[in-house]
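Enquirer: got a structure for you, letters missing:
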């Protein structure tokens, strides 16, 4: 266990933010004007894309992995998601993907790093399996060569993405050179209306503050609407913090967090868990703690959101009209998407629907999509991919028959992985396709050259698959009595 | 890998005024299946520079040599999105040695610094002036932390540590390794 320090945090006179508490507890050496501080890393997650050059770098210097016990690897980006019989060899898109995955297997073997590989029932998207296996714990510092590492902040861990050179630093020293980031609190009042998901909330927040709105800051999400979210929903919110430019996103752990974590494989058990809970309970911002920046948003007035452009901050309610561009950038984005100013996007024909990614591939996401799909069919001509976030999620979804719902509806039920979110494994759209996607980035070409991505919640994506066009999920929800 | 020391950079500029240029534009994800870091220049801004048939587009980046236009002046929030260090690797291999912008994304900035790619964040007015005159000769002086051209003189803030690393070609891993004792005693404290 690498839990929050058993000693109480030093009580200082000034009230501290949650971020300050974790930061201070993990500083090996403080920063000075001349040099950054040295921050200790409690959990280092690695995958095949951003680690090969890091292993090569430490080996070139004759170094080894300092703490294999604090390092955990999985393979998710380059791995095929096409259905595969148990024990059968995976069919890679090309040799490049195969070599990348095999390199990870070799590196992990050589350095004694645990790997959730092809044969493991634990394999999955790195930000899905961390929490699922109980590796992710409150108060930890967690890094990964992957910008969506912010996901783990949902558990009150300070989690952020790093580059490959930094991956080599952590492999060799378990530490990172860091300047202390600034803090931002986003206070969310009210409560999400029925039919409006956590994905809609985070898309609304990013639309409000902008793609660089939280640059240099660690966001703490707080307020009644955040407290009301489930752990899966909190992960969706924290996941997309980077889309607002934030270093990380955090939510203070509470009884819901502890209830979700108890009993998971890598969690302390019994009395040790109870003791850890005591220390984790202190992980919250003190009353009167000062943040460098504050923003407020009311959840009660939100609608399902979609994006109209090629940046995650170009979002709007599903029933709104595309904006009149106020900048050359917005005009270029609208043109790329093939949308007209003032046009209603509902009813816009969709060719592909993707449900998956570290943002929205958890059991609750699949359930929401399945609820819409049950008894309905994917519009002929539309391709729908449903990609669970992990082997465990896949198994759980199959146990409750969700796979059958999707398959009966005409969707493809896939093996776990990042799939069409990043399209590295061959799962991409065709040029010109309009894709409604539950992933996190709608950058031009992200899902394949010339592919146009609309970000949305699992319910909106499922409703769009049924309609064969961008659709408001609330109408279908009313019909199935979910509202 | 030890980056080359940087003292001053003097070169013509290439200009990409778009804000929020994400790392998927700098290097599309389909080129991330590599296991080394060399030779990524041809993938740099690949989908801006080549059409669906693989033919060069009319993009300005196709009509200049980045080795003689080694300073890229780019729009706000440059390098947002993915943490891929392949982005600075591709930019450097393409020929760029410095990025001048108003703001750059955090992870990109950190990755760039570790590879000897200078990121200078300057004030909005000077930034606009440079963006409006592509091809101009610009000099970036690290010692003085100033970006100079005919008509523009803009200071920029650089983390003193990053500056030292850039100017002396220091690899920060060596610096961390020197602190092994502090790391050991931290681990001893944390495990009690």
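Expert: Arrived safely. Bear in mind that the values here come from a model prediction, so they are computed numbers and not experimental data. Residues are numbered from 1 along each chain as shown, chains lettered A, B, ... in the order given.
Enquirer: C-alpha from now on. contacts and neighbour counts both.
Expert: Will do.
Enquirer: Show me which residues of the longest helix seen in chain B are buried.
Expert: Of all segments of type helix in chain B, defined using DSSP state H, the longest is helix B:180-190. Buried residues in helix B:180-190, counted by 16 or more other C-alpha atoms under 10 Å in any protein chain shown: B:183, B:186, B:190.
Enquirer: who are the neighbours of that helix, in terms of helices and strands?
Expert: Other helices and strands packing on helix B:180-190, by 3 or more C-alpha pairs under 8 Å, 6 or more residues apart in numbering or on different chains; DSSP states H and E, are strand A:27-29.
Enquirer: Mind listing what's buried along the helix or strand following the strand it packs on?
Expert: Remark: after strand A:27-29, the chain's next helix or strand is strand A:37-40, criterion DSSP states H and E. Residues of strand A:37-40 classed as buried: A:37, A:38, A:39, A:40 (neighbour count, 16+ other C-alpha under 10 Å).
Enquirer: For the first one, name its beta-bridge partners.
Expert: Same thing as residue A:37. residue A:178 (DSSP bridges).
Enquirer: what's the spacing between the residue nearest to residue A:413 when sequence neighbours are not counted and chain B?
Expert: Leaving aside its sequence neighbours, residue A:413 sits nearest to residue A:386 (C-alpha to C-alpha, 6 or more residues apart in numbering or on different chains; 5.2 Å). Counting by C-alpha to the nearest C-alpha, to the nearest Å, the gap from residue A:386 to chain B is 21 Å.
Enquirer: Let me know whether residue A:386 touches residue A:356 as I believe.
Expert: Yes. Look at residue A:386 against residue A:356 with C-alpha atoms under 8 Å: they come within range, at 6.2 Å.
Enquirer: Which one of the two is surrounded by more residues?
Expert: Taking other C-alpha atoms under 10 Å in any protein chain shown, residue A:386 and residue A:356 do not tie; residue A:356 has more neighbours (29 against 26).
Enquirer: That one - nearest residue in space that isn't next to it in sequence?
Expert: Per C-alpha to C-alpha, 6+ apart, closest to residue A:356 is residue A:387, 4.9 Å.
Enquirer: contacting residues around that neighbour?
Expert: A:81, A:354, A:355, A:356, A:357, A:361, A:413, A:414, A:415, A:416, A:417, A:419 (C-alpha atoms under 8 Å, 6 or more residues apart in numbering or on different chains).
Enquirer: Return the per-residue confidence for it.
Expert: At residue A:387, the model reports a pLDDT of 98.
Enquirer: picking up where we left off before, can you list phi and psi of the residue nearest to residue A:413 for me?
Expert: Main-chain dihedrals, residue A:386, degrees, to the nearest 10: phi -120, psi 120.
Enquirer: Look up the residues forming beta bridges with it.
Expert: Beta-bridge partners of residue A:386, as defined by DSSP bridges: residue A:355, residue A:413.
Enquirer: Kindly report the same for residue B:15.
Expert: residue B:73.
Enquirer: Return the distance of the lowest-mean-pLDDT helix or strand in chain B from the chain's centre.
Expert: Here the helix or strand of chain B ranked lowest by mean pLDDT, DSSP states H and E is helix B:160-168, holding a mean of 92. The chain centroid and the centroid of helix B:160-168 are separated by 14 Å under C-alpha atoms, centre = their mean, to the nearest Å.
Enquirer: From the contact counts, what lies against that helix?
Expert: Here helix B:160-168 touches no other helix or strand, going by 3+ C-alpha pairs under 8 Å, 6+ apart.
Enquirer: distance between the longest helix of chain B and the chain's centre?
Expert: Counting by C-alpha atoms, centre = their mean, helix B:180-190 comes out at 34 Å from the chain centroid.
Enquirer: From residue B:33, how far out is the residue in the stretch 301-450 of chain A that chain B sits nearest to?
Expert: At 5.2 Å from chain B, residue A:424 is the closest residue in the stretch 301-450 of chain A, using C-alpha to the nearest C-alpha. Computed with C-alpha to C-alpha, to the nearest Å, the distance linking residue A:424 and residue B:33 is 7 Å.
Enquirer: Residue A:308 now?
Expert: 30 Å.
Enquirer: the more surrounded of the two?
Expert: Per other C-alpha under 10 Å, whichever of residue A:308 and residue B:33 has more neighbours is residue A:308, with 29 against 22.
Enquirer: re the thing from before, dump the contacts of residue A:387 to JSON lines, plus pLDDT.
Expert: As requested, the contacts of residue A:387 are exported to JSON lines (pLDDT from 0 to 100):
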{"residue": "A:81", "pLDDT": "98"}
{"residue": "A:354", "pLDDT": "98"}
{"residue": "A:355", "pLDDT": "98"}
{"residue": "A:356", "pLDDT": "98"}
{"residue": "A:357", "pLDDT": "98"}
{"residue": "A:361", "pLDDT": "98"}
{"residue": "A:413", "pLDDT": "98"}
{"residue": "A:414", "pLDDT": "98"}
{"residue": "A:415", "pLDDT": "97"}
{"residue": "A:416", "pLDDT": "98"}
{"residue": "A:417", "pLDDT": "98"}
{"residue": "A:419", "pLDDT": "98"}
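Enquirer: Any residues of the stretch 201-350 of chain A in contact with chain B? List them.
Expert: A:211, A:212, A:215, A:216, A:242, A:243, A:245, A:247, A:311, A:328, A:329 (C-alpha under 8 Å from any C-alpha of the partner chain).
Enquirer: quick one, what contacts the fourth one?
Expert: Translated: residue A:216. Counting by C-alpha under 8 Å, 6+ apart, the residues that residue A:216 touches are A:181, A:182, A:245, A:246, A:247, B:106.
Enquirer: Who are the packing partners of the helix or strand encompassing residue A:276?
Expert: Element membership of residue A:276, judged by DSSP H and E, is helix A:271-280. Judged by 3+ C-alpha pairs under 8 Å, 6+ apart, helix A:271-280 is in contact with no other helix or strand.
Enquirer: Nice, that's everything, thank you.
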